[in-house]
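*Asks:* Below are the sequence and a predicted model; questions follow.
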Amino acid sequence: MEKFQTSSGNKQKILIDCRFVGGGSALGRYAEQLFINLLKLDSNFEFSPILLENYKKDIPKIIKKSNPLWTDIKHYSLSEQTKLPKLIREQNPDLIHYTHFNVPIFSEKPFVTTILDLTISRFKDKNQSFVEIMAYNFLLKQVAKRANHLITSSKETASDIRKYLKVTQAKTSVVYLGIEEKFKPQSEEKIAAFKKEYKIDYPYIMYAGQWRPHKNLLRLFKAFRMLKKNYGTKQKLVLFGKPDSRYPEIPQTIKALGLENEIIVLGFIPDDLLPAAYSGADLYVIPSLAEGFGFPPLEAMACATPVASSLISCMPEILDEAAVFFDPYDYADMAVKINTALTNQKLRSVLIQRGAHLVKKYTWQKTAENTLRIYQNVLGN
């Protein structure tokens, strides 16, 4: 493999696009934890992040001190395609790692790209215009063609990438993501304080995430109505995550099903309160039709909370035998499996034990080590 010329002394410089860091998204968490853990490794590389000025106050100090390239160039903007390549050229890196597919396609430097999922390719969203879909597909194909290597977080998504983007298996690598150490069972005091703050005085099933169509919330609501009607389920369903006005069908369906007092929309929850939210739940449910990895169910397992999950996409691969699985297209099956996970005490104990063991597999150190090997291969080390 060709070895690229070194740009700075004995250490090759790798620029990592961390513009999502500080924005509170899963992409930001990925870039943040990857960068921090790369710094801990012994390597012949100098790592520098690309950071957004707007997120400055929420970016960890260790990242801000790592010779960053600060910019106001936002994701998916025209400036990303026109101005960012010039800034990168001035940095003269040996390699760039774009931690999402929004890559400036005229960048002259060798690069690797992380594509965590292809849900936009697979699921139609009424809020995306024809022009947006065309631009998305064009950019993805260009990135797949020009990248020196593609990284993804599950075998399922790697298969999708090869299918939809027509790339070879040799050009893709699966690098599993990690679960932060802060996710662990919380004390009764912390759980009680969390519940008091959010006025939770009832047992609950938890969902945390977006309202997009592939998250399959409408079928979850129908399953929950069946749980109440057929099984007398005492728990309420609590939705964490920022409400999205682009999807009015979410509150409309809750109202149409007569579940306004049973499905509680509590909105965005800060990261530092998530462990208590998981620990206080009787069950975490993930009904998705597609995921690239799935942080929340693993985080719930790390907090000793049983999980009921969709049987398709990457979830069986990632969650293995540590969850109860259901058909996400069949809300009746969803209801039966959720009820089992709530009421079968022996099964719940088994799920908690298996979950505690499984999450040890997913560490950010492993993510960084496996990513470092890809850098080394691309640069011919």
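*Replies:* That came through, no problem. Numbers count the residues shown, from 1 in each chain.
*Asks:* Give me the next element, helix or strand, following the lowest-mean-pLDDT helix or strand in the chain.
*Replies:* The weakest-scoring helix or strand in the chain, judged by mean pLDDT, DSSP states H and E, is helix 119-122 (a mean of 76). Per DSSP states H and E, the first helix or strand lying C-terminal to helix 119-122 is helix 130-146.
*Asks:* Would you mark the buried spots in that next one?
*Replies:* Under the neighbour-count criterion of 16 or more other Cβ atoms under 10 Å, helix 130-146 has Tyr136, Leu139, Leu140, Val143, Ala144 buried. The way it works is simple: take the backbone N, C-alpha and C, and place the C-beta from them, glycine included.
*Asks:* Could you list which residues are in contact with the third one?
*Replies:* Read it as Leu140. Phe101, Ile115, Leu118, Ser121, Tyr164, Leu165 (Cβ atoms under 8 Å, 6 or more residues apart in numbering).
*Asks:* repeat for the fourth one
*Replies:* In this structure, Val143 makes contact with Tyr98, Phe101, Val103, Ile105, Thr113, Ile115, judged by Cβ under 8 Å, 6+ apart.
*Asks:* Also Lys64?
*Replies:* Leu51, Lys56.
*Asks:* returning to that earlier point: out of the contacts of Val143, which are inside strands?
*Replies:* Taking DSSP state E as the definition of strands, the contacts of Val143 contribute Tyr98, Thr113.
*Asks:* Kindly confirm my reading that Ala308 forms part of a helix.
*Replies:* No. Looking at Ala308 with DSSP: H, G, I helix; E, B strand; the rest coil, it is strand, so not inside a helix.
*Asks:* was I right about it contacting Pro328?
*Replies:* No. Between Ala308 and Pro328 there is no contact under Cβ atoms under 8 Å: 10.7 Å.
*Asks:* Can you report how many residues lie near Lys228?
*Replies:* 19 (other Cβ atoms under 10 Å).
*Asks:* What is the burial count for the closest residue to Ile62 other than its chain neighbours?
*Replies:* Spatial nearest neighbour of Ile62, excluding adjacent residues (Cβ to Cβ, 6 or more residues apart in numbering): Ile36 at 5.9 Å. For Ile36, the neighbour count with other Cβ under 10 Å is 17.
*Asks:* Contact partners for Ile36?
*Replies:* Per Cβ under 8 Å, 6+ apart, neighbours of Ile36: Pro60, Ile62, Ile63, Trp364.
*Asks:* Neighbour count added to those residues, as CSV?
*Replies:* Output for those, formatted as CSV (neighbours: other Cβ atoms under 10 Å):
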residue, neighbour count
Pro60, 14
Ile62, 12
Ile63, 21
Trp364, 22
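*Asks:* With distance to Glu80, secondary structure and pLDDT as added columns, please give those residues in a markdown table.
*Replies:* Listed next are the contacts of Ile36 as a markdown table, based on distance: Cβ to Cβ, whole Å; DSSP: H, G, I helix; E, B strand; the rest coil; pLDDT from 0 to 100:
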| residue | distance to Glu80 | secondary structure | pLDDT |
| --- | --- | --- | --- |
| Pro60 | 23 | coil | 96 |
| Ile62 | 26 | helix | 97 |
| Ile63 | 20 | helix | 97 |
| Trp364 | 27 | helix | 98 |
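*Asks:* Can you say which helix or strand has the closest residue to Glu249 other than its chain neighbours in it?
*Replies:* The shortest distance from Glu249 to any non-neighbouring residue, by Cβ to Cβ, 6+ apart, is to Leu218 (6.7 Å). Element membership for Leu218 (DSSP H and E) is helix 217-231.
*Asks:* so what secondary structure elements neighbour that helix?
*Replies:* strand 204-208, strand 236-240, helix 249-256, helix 331-343 (3 or more Cβ pairs under 8 Å, 6 or more residues apart in numbering; DSSP states H and E).
*Asks:* List of residues touching that helix?
*Replies:* Contacting residues not belonging to helix 217-231 are listed as 205, 207, 211, 233, 237, 239, 249-250, 253-254, 257-259, 262-263, 285, 287, 328-329, 331-332, 334-335, 338-339, 343 [Cβ under 8 Å, 6+ apart].
*Asks:* Mind giving me the ChimeraX command for buried ones among those?
*Replies:* Remark: buried members of these, expressed as a ChimeraX selection using 16+ other Cβ under 10 Å:
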select :205,207,211,233,237,239,250,253,254,257,259,262,263,285,287,328,331,334,335,338,339
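*Asks:* Just the residues contacting stretch 182-200, thanks.
*Replies:* For stretch 182-200, contacts defined as Cβ under 8 Å, 6+ apart pick out 201, 238, 266, 269, 272-280, 299, 302-304, 359.
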